[in-house]
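Asks: Attaching a predicted model along with its sequence, questions to come.
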Amino acid sequence: MTIDNSYTWDALLKKVSADIFGSDEYYYDIKSECETEDGFDLTRVATILEQKFNTKLANERNGEFKKINDIFYENMSRNIRLSRFKIYIAILLRELNFREGLSSEIEMLKKSKKNIASVITTNYDSLIEEILEFNPLVGNDILLSNSYGSVYKIHGCISDINSIILTENDYSKFNDKYELIRAQLLSLFMHNPIIFIGYSVSDENIKTILRTIFTYVEPNSKEAEIIRGNFLLIEYHQDSMSTEVVEHDIDIEGYSLIRINKVKTNNFIELYTQIEKLELPASVMHIRRVESLFKDLLSGDGSKFKFMDDIDDLENSEVVIAVGSKSTMDYRYHKPTNFLENYFEIVKDSDIKLLSIIDDMPISSTQWFPIFAFSEIHDNLAKKDILKAQQIQKIKKYIRSMSKKNKIINKDISPILEDKAMTSSRKWDVIMWNIYEGHLPVDIFEGFLSGFEDTDSTDYRRMLCFFDYKKYG
């Protein structure tokens with residue numbers, strides 16, 4: 001699990017029960033009433049627990065959970081009914097408390113997003129949209145969506161408490177109302193590679209999805225074989241770092257055995273690395289932009305489009321599709337300074353084809369150029385060793401030339417920036433010396449640089465090279 005306050009369905013219900021009633025035993029009493037042949041009906045458990053939770057808080061207006069009641073009554077005053085039970089769950093899952101030691105895994109997941117079309121999740125928290133910066137879709141928004149760069153939150157989201165699907169009544173409404181949503185998701189499953197991350201082969205969500213698909217597709221047909229080839233189940237196993245893909249048969253009630261591909265592992269960083277390395281014809285974000293503009297074309301909203309028929313007259317060796325308004329369209333060659341101005345965006349997107357241009361660019365030894373992050377993304381750059389040597393030489397030379405009065409230890413960037421007695425140039429020197437010597441955390445410096453306004457200045461370029469060297473060098 002990526003965050004500490006992440007729960008299985010069973011663990012979440014037990015947590016809420018223990019918080020409100022003081023022990024796990026109350027939860028076990030409820031759970032014992034909901035036993036089935038296959039285990040326990042957690043939907044029924046959630047229904048009973050919600051009723052008891054809401055009743056207890058209604059009878060204790062200003063008790064320990066006064067805050068929940070405040071939110072409930074504030075919304076009722078506006079004729080908005082919320083479940084106290086779900087309000088509490090939303091509060092439990094609101095903070096994303098990332099576990100220690102997972103920064104590399106999260107960074108690789110961020111880099112891999114350029115090759116991830118969309119994410120479908122049954123989780124209520126905002127983890128995916130926080131990390132990937134995808135657009136969250138809940139309820140009817142799913143039907144009107146642009147699938148690229150989106151998170152389908154099919155069981156609701158903490159940002160919309162009434163959308164959370166948890167109890168018997170919730171699932172009943174879901175099954176009645178969301179047939180079109182299921183059809184849309186089915187289309188995604190049938191035409192795209194699908195990776196289920198963190199699920200168990202026994203998970204009911206997996207079985208429900210497979211059951212839905214094979215309601216429409218004959219299990220032994222050619223279409224079924226294609227769909228099976230699209231599926232990869234990454235089953236979480238705490239003690240395994242294996243990346244071996246094996247075939248696994250899942251027994252779906254009412255159907256024959258369904259065979260899918262499975263990896264049982266805790267090595268998620270390797271999964272994200274392999275996704276990031278995929279070289280697709282276009283990034284997901286580019287496809288999203290084209291899809292959005294195509295939607296505008298179909299809607300006839302007044303947008304103007306110009307189609308060029310004489311493509312054969314183009315002298316480029318590759319066919320290029322240019323999308324944008326005529327007033328903002330231009331053609332330009334990426335100079336070294338462009339890479340500095342767009343440094344953080346380029347690193348985030350990990351665009352190898354764009355970085356290949358570096359080998360064709362004249363970059364003199366007098367220029368500040370941050371090569372270390374770029375060469376980590378594109379390890380085959382022919383110029384990387386020369387540019388690294390140039391960058392290190394310039395940094396060390398600058399450190400030697402610094403005034404001694406600027407070499408003062410400071411572990412926080414704020415006091416330096418707020419010191420009115422310092423000139424801007426001296427502040428930058430103090431910051432660079434502290435980052436070079438390791439006194440100033442790299443993450444704090446990164447936040448400062450990513451928000452720096454004058455990205456065309458020599459000061460910015462110099463500080464960027466210091467940062468690049470310390471983080472990636």
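Replies: Done, it's in. Numbering: from 1, shown residues only.
Asks: Tell me where this structure has strands.
Replies: Assigned by DSSP state E, the strands in the chain fall at 35-36, 39-40, 118-121, 135-138, 150-153, 194-197, 231-236, 246-251, 257-265.
Asks: Map the structural domains onto the sequence of the chain.
Replies: 9-94, 103-277, 336-472 (automatic domain parsing).
Asks: Could you list the low-pLDDT ranges of the stretch 51-200 of the chain?
Replies: Confidence mapping of the stretch 51-200 of the chain against pLDDT under 70 gives the ranges 143-147, 177-179, 198-200.
Asks: again, only this time at 80
Replies: Applying pLDDT under 80 to the stretch 51-200 of the chain flags residues 97-102, 139-148, 175-192, 196, 198-200.
Asks: Same list (the domains of the chain) but as TSV, adding distance to I287 and mean neighbour count.
Replies: Heads up, the C-betas are built off the backbone N, CA and C, glycines and all. What follows is the domains of the chain, written out as TSV (distance: least, C-beta to C-beta, whole Å; neighbours: other C-beta atoms under 10 Å):
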stretch	distance to I287	mean neighbour count
domain 9-94	31	16
domain 103-277	5	16
domain 336-472	14	16
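Asks: As JSON lines, the ones you listed with distance to V290 would be great.
Replies: Shown next, in JSON lines, are the domains of the chain (distance: least, C-beta to C-beta, whole Å):
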{"stretch": "domain 9-94", "distance to V290": "35"}
{"stretch": "domain 103-277", "distance to V290": "9"}
{"stretch": "domain 336-472", "distance to V290": "16"}
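Asks: Out of the strands of the chain, flag the one nearest K222.
Replies: Smallest distance to K222 across these (C-beta to C-beta): 14.8 Å, for strand 257-265.
Asks: Now do E291 against A117, distance only.
Replies: According to C-beta to C-beta, to the nearest Å, E291 and A117 sit 10 Å apart.
Asks: I'd like to know which of the strands of the chain is closest to E276.
Replies: Among those, strand 194-197 sits nearest to E276 (C-beta to C-beta), with 13.3 Å.
Asks: Counting by contacts, list what that closest one packs against.
Replies: In terms of contacts (3 or more C-beta pairs under 8 Å, 6 or more residues apart in numbering; DSSP states H and E), strand 194-197 is packed against strand 231-236, helix 268-277.
Asks: quick one: strands adjacent to the shortest one?
Replies: The strands that strand 231-236 pairs with in its sheet are strand 194-197 (parallel), strand 257-265 (parallel) (by DSSP bridges).
Asks: can you tell me which of these comes nearest to L417?
Replies: strand 194-197 (40.7 Å).
Asks: send the alpha carbons of the closest one over as PDB?
Replies: Extracted C-alpha coordinates of strand 194-197, given in PDB (Å, rounded to 0.1, in the frame of the first residue of the first chain):
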ATOM      1  CA  ILE A 194      -5.700  -3.500 -18.900                       C
ATOM      2  CA  ILE A 195      -3.600  -3.900 -15.800                       C
ATOM      3  CA  PHE A 196      -5.300  -4.600 -12.500                       C
ATOM      4  CA  ILE A 197      -2.900  -3.400  -9.700                       C
END
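Asks: Just give me the neighbour total for the residue lying closest to E130 once chain neighbours are set aside.
Replies: Excluding the flanking residues, the one nearest E130 by C-beta to C-beta, 6 or more residues apart in numbering is L96, at 6.0 Å. L96: 15 surrounding residues under other C-beta atoms under 10 Å.
Asks: L96 reaches D125, doesn't it?
Replies: Yes. At 6.9 Å, L96 counts as touching D125 under the criterion of C-beta atoms under 8 Å.
Asks: if we can go back for a sec, dump the strands of the chain to JSON lines, plus distance to K353.
Replies: Formatted as JSON lines, the strands of the chain follow (distance: least, C-beta to C-beta, whole Å):
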{"stretch": "strand 35-36", "distance to K353": "53"}
{"stretch": "strand 39-40", "distance to K353": "50"}
{"stretch": "strand 118-121", "distance to K353": "23"}
{"stretch": "strand 135-138", "distance to K353": "25"}
{"stretch": "strand 150-153", "distance to K353": "25"}
{"stretch": "strand 194-197", "distance to K353": "24"}
{"stretch": "strand 231-236", "distance to K353": "26"}
{"stretch": "strand 246-251", "distance to K353": "34"}
{"stretch": "strand 257-265", "distance to K353": "29"}
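Asks: Figure out which of these is closest to I71.
Replies: Among the strands of the chain, the nearest to I71 by C-beta to C-beta is strand 135-138 (19.2 Å).
Asks: what's the distance between I209 and I131?
Replies: Noted for I209: a distance of 23 Å to I131, by C-beta to C-beta.
Asks: scratch that, I226 is what I was asking about
Replies: I226 is 30 Å from I131, where distance means C-beta to C-beta.
Asks: which outside residues touch stretch 446-453?
Replies: With contact meaning C-beta atoms under 8 Å, 6 or more residues apart in numbering, stretch 446-453 is reached by 344, 413, 417, 431, 460, 463-464, 467, 471.
Asks: right, and the pair among those residues with maximum separation?
Replies: Within these, two members stand farthest from each other by C-beta to C-beta: L417 and K471, at 20.1 Å.
Asks: just to revisit the earlier point, got the helices and strands packed on strand 194-197 as a markdown table, with distance to G139 and mean pLDDT columns?
Replies: Supplementary listing: the helices and strands packed on strand 194-197 in a markdown table, determined by distance: least, C-beta to C-beta, whole Å; pLDDT from 0 to 100:
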| stretch | distance to G139 | mean pLDDT |
| --- | --- | --- |
| strand 231-236 | 26 | 83 |
| helix 268-277 | 28 | 87 |
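Asks: TSV for these, including distance to Y152?
Replies: Converted to TSV, the helices and strands packed on strand 194-197 look like this (distance: least, C-beta to C-beta, whole Å):
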stretch	distance to Y152
strand 231-236	17
helix 268-277	18
